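Visitor: model this:
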Amino acid sequence: MQTSTGNKPFSCEVCGSAFSQNSSLKRHMQIHTGEKPYSCEICVSTFSQKAHLKSHMRTHTQEKLYSCEMCGSSFSDNSSLKRHIRTHTGEKSYSCEICGAAFSQTVNLKSHVRTHTGEKPYACEMCASAFSEYSTLKSHMRTHTGDKPYSCEFCGSTFALNVTLKLHLRTHTGEKPYTCEVCALSFSHIFSLKSHMRTHTGEKPYSCKICQSTFSLNCNLKTHMFTHSGEKPYSCEVCGLSFSRKSAVKRHMFTHTGDKPFSCKVCGSAFSLNRNLKSHIRTHTGEKPYSCEVCSTSFSENSSLKRHIRTHTGEKPYSCDICGSTFSQTAHLKSHIQTHSRIGIKC
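Guide: Next comes the predicted model:
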C-alpha cells in the first residue's frame, strides 16, 4: 500500500508505521504475522530477518566484529555494542512512567516495571513457583536439578548461584567489605552487618508467638522455640547426649577430646569454653560486672550473684533426698549429705 507520507510512502495497515522502502515494510510485516523464514543450519533457530540470522550465527563462530573504542571490549552485534557504550557514557534513555527511575537498557526497565505490577511471567514447570525475571527462574531450577555450576578455586566447593560463590570466596580471602558506621567493625556479608546493627539499635524484629520473647536474629528465635517444644535435634556422636543448639554440641565435644582452645594471655591457663576463659580473666583484672540490686555487692560471675541473691530471698532450691533438709547452695547440700554417711543414720 502506497500513501503520501512524505519520504516514507509505505505504511503498515496493522499499526500505521511508515517506511521509505517497500522491502522495509515487508520485513516489518513479519512482526505481525510471526513469519520467520530464515533458519540457522546449526541449531535450527528461526528469525524474521536475515540480519538477525547473521548476528545469531556469530554466537556459533564466536566472531565479534564490533569493538568498543573506549575499553576494547568486542561484541558480535552492533546493538550489544551500543548497550555497552552506555556503561561508559552513563546514558539512561529508558525511564519508568510510574516512578521516573531511569535505565540504560530496555530489558532492565521491563524488569523494574514488574516491581510495580507484580507480574511474574516465568513459571517453574516442576513446582509452579513464579518469578519476575528469567535469570531467577534459571537459578531456582537448580534447586530441583541439584546443578552446582560455580566452583571455588581454593577448596573445590560447588554452588548453585554465582553470588553464593562470591560470598564463600571471602572465607578464603578474608575480605570484609561491609563496615559498621557506629563501631567500625567489618563483615564479609551485608546481612551480617544488618544483624550487627541491631546490637546498636536494640531492634528485635523476631518474636515468639508462645511467650512473646523477642530476638534480633531469626536463628535465635528458632533455637528459642526448642525451649517450648523440648526438641533437641543436635546429638553427640560419642555418647548420644542431645542438645537444642549446635554450638552446645561443639562445646560438649571438648569433654570427650580434652581440647582446650581458649587460653589466657596473662598466665597461659587453658579452657574448653570461652565463657570460662572470660570468667578467669576477671581474676587478673578484678572486674566484677554483676551487682546485687539489694545491697550493691558485686561479683565476677553471674552464678555467684545468683547464689548471693538467695541470702536475701531465703530461697533454698536444693533438698536432701534422705531427710528433706533444704539448702541455698549445692556445696552446702553436699556437705550435709556427708553427715548421713558418717553417722550412718537418718536425721
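
Visitor: Show me where the stretch 201-347 of the chain has its strands.
Guide: In the stretch 201-347 of the chain, the segments counted as strands under DSSP state E, counting those that start in this stretch are 206-207, 214-215, 234-235, 242-243, 262-263, 270-271, 290-291, 298-299, 318-319, 326-327.

Visitor: Adding mean pLDDT, mean neighbour count and distance to Glu69 as columns, could you present the ones you listed in CSV?
Guide: (Glycine included, C-beta is placed from N, CA and C.) Shown next, in CSV, are the strands of the stretch 201-347 of the chain (pLDDT from 0 to 100; neighbours: other C-beta atoms under 10 Å; distance: least, C-beta to C-beta, whole Å):
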stretch, mean pLDDT, mean neighbour count, distance to Glu69
strand 206-207, 94, 14, 53
strand 214-215, 94, 16, 56
strand 234-235, 92, 15, 60
strand 242-243, 92, 15, 64
strand 262-263, 92, 15, 60
strand 270-271, 92, 15, 65
strand 290-291, 92, 14, 70
strand 298-299, 92, 15, 73
strand 318-319, 90, 15, 84
strand 326-327, 91, 15, 87
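
Visitor: now for the ones you listed, which one comes closest to Ser79?
Guide: Among the strands of the stretch 201-347 of the chain, the nearest to Ser79 by C-beta to C-beta is strand 206-207 (47.7 Å).

Visitor: for that closest one, packing partners?
Guide: Secondary-structure packing of strand 206-207 (3 or more C-beta pairs under 8 Å, 6 or more residues apart in numbering; DSSP states H and E): strand 214-215, helix 218-229.

Visitor: Let me see the mean pLDDT of the last one.
Guide: Just to be clear, that refers to helix 218-229. Helix 218-229 shows a mean pLDDT of 92.

Visitor: From the chain's centroid, how far away is stretch 14-21?
Guide: Offset of stretch 14-21 from its chain centre (C-alpha atoms, centre = their mean, to the nearest Å): 51 Å.

Visitor: now stretch 142-155
Guide: The answer for stretch 142-155 is 17 Å, by C-alpha atoms, centre = their mean.

Visitor: Tell me which of the helices and strands packed on strand 206-207 sits most buried.
Guide: Of all the helices and strands packed on strand 206-207, strand 214-215 carries the top mean neighbour count, a mean of 16, counting by mean count of other C-beta atoms under 10 Å.

Visitor: packing partners for that one?
Guide: Using 3+ C-beta pairs under 8 Å, 6+ apart: strand 214-215 touches strand 206-207.

Visitor: So which residues make contact with the strand it packs on?
Guide: Ser213, Thr214, Phe215, Ser216, Leu217, Asn218, Asn220, Leu221 (C-beta atoms under 8 Å, 6 or more residues apart in numbering).

Visitor: can you do 6 Å?
Guide: Residues outside strand 206-207 that contact it (C-beta atoms under 6 Å, 6 or more residues apart in numbering) are Thr214, Phe215, Asn218, Leu221.
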